[in-house]
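A.B. asks: Below are the sequence and a predicted model for it; my questions follow.
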Amino acid sequence: MGKSDGQTHDDITWVGIGLAIFSNGLISISLNVQKYAHNKNEALGENRKPYHHIPVWWLGMVINALGELGNLVAYGYAEATVVTPIGAVGVIFGAIIATFILGEKFQRTDFLGFILISVGVILIVYSKGTEAVIEPTVREALDEYFLKTQCIVYTSIVIGSTIALLSIRERYGKQYVLLYTGLC
């Protein structure tokens, strides 16, 4: 099956899409496993352990790393404009897992959210065509993007603002928390 018969994506892109869905499912599992570990640890009261001493928490961390690695590989099979929106599917997986494993309540609005997420992801994935993208060379990117007046002005403003905020942070930092937020 080729692109000429009306397909939106080629077979290799579908591998990336499937891998992205699976990987985001793993990430959701990992976050719920870690939440489970935190909940169990909190129930210990005074006998709580640091989270990094809890084996179940580390299991969640390893599952998360595997999920993120799968997402990284998915970017090799499909474009970022296809893989990135699929990350929203993780919200669906996370809510379902949290309902059954963590005992969180499932609301009607959750179901509505599932529908909206699914429709959004399907629309984005199917609307992304197979047109070729021509990547600029490094020299072209430098000339076209970074040497434009807008980029130079923006960079100057960011650098100037950062220097200004750094110079007044000691004097006003304790009084105005937004100063530190501005530095971020």
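C.D. replies: Happy to help now that I have it. Numbers count the residues shown, from 1 in each chain.
A.B. asks: Against which helices or strands is the longest helix belonging to the chain packed?
C.D. replies: Counting residues, the longest helix found in the chain (DSSP state H) is helix 11-42. Under the contact definition 3 or more Cβ pairs under 8 Å, 6 or more residues apart in numbering; DSSP states H and E, helix 11-42 sits against helix 55-77, helix 80-86, helix 89-101. The way it works is simple: take the backbone N, C-alpha and C, and place the C-beta from them, glycine included.
A.B. asks: closest one to residue 164 among those?
C.D. replies: Evaluated over the helices and strands packed on helix 11-42, closeness to residue 164 peaks at helix 80-86, with 34.7 Å, by Cβ to Cβ.
A.B. asks: Run the angle between the longest helix of the chain and helix 89-101 for me.
C.D. replies: 40 degrees (axes from the mean of the first three to the mean of the last three Cα atoms, to 10 degrees).
A.B. asks: buried stuff in helix 11-42?
C.D. replies: Within helix 11-42, the residues that qualify as buried by neighbour count (16 or more other Cβ atoms under 10 Å) are 13-17, 19-38, 41.
A.B. asks: same deal with stretch 56-63?
C.D. replies: So, applying 16+ other Cβ under 10 Å, buried residues of stretch 56-63: 57, 59, 60, 61, 63.
A.B. asks: Could you dump the residues you listed into TSV with distance to residue 84 and pLDDT added?
C.D. replies: Listed next are the buried residues of stretch 56-63 as TSV, based on distance: Cβ to Cβ, whole Å; pLDDT from 0 to 100:
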residue	distance to residue 84	pLDDT
57	28	92
59	27	96
60	23	94
61	23	95
63	21	96
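A.B. asks: Nearest to residue 163 among the residues you listed?
C.D. replies: Of the buried residues of stretch 56-63, the one sitting nearest to residue 163 (Cβ to Cβ) turns out to be residue 61, at 38.4 Å.
A.B. asks: so how far is residue 150 from that closest one?
C.D. replies: 42 Å (Cβ to Cβ, to the nearest Å).
A.B. asks: now do residue 82
C.D. replies: Separation of residue 82 from residue 150 (Cβ to Cβ) stands at 29 Å.
A.B. asks: Settle it for me: which of those two has more neighbours?
C.D. replies: residue 82 (24 against 8; other Cβ atoms under 10 Å).
A.B. asks: Contact partners for that one?
C.D. replies: In this structure, residue 82 makes contact with 9, 13, 16, 17, 20, 124, 125, 128, judged by Cβ atoms under 8 Å, 6 or more residues apart in numbering.
A.B. asks: same thing but 6 Å
C.D. replies: By Cβ atoms under 6 Å, 6 or more residues apart in numbering, the residues touching residue 82 are 125, 128.
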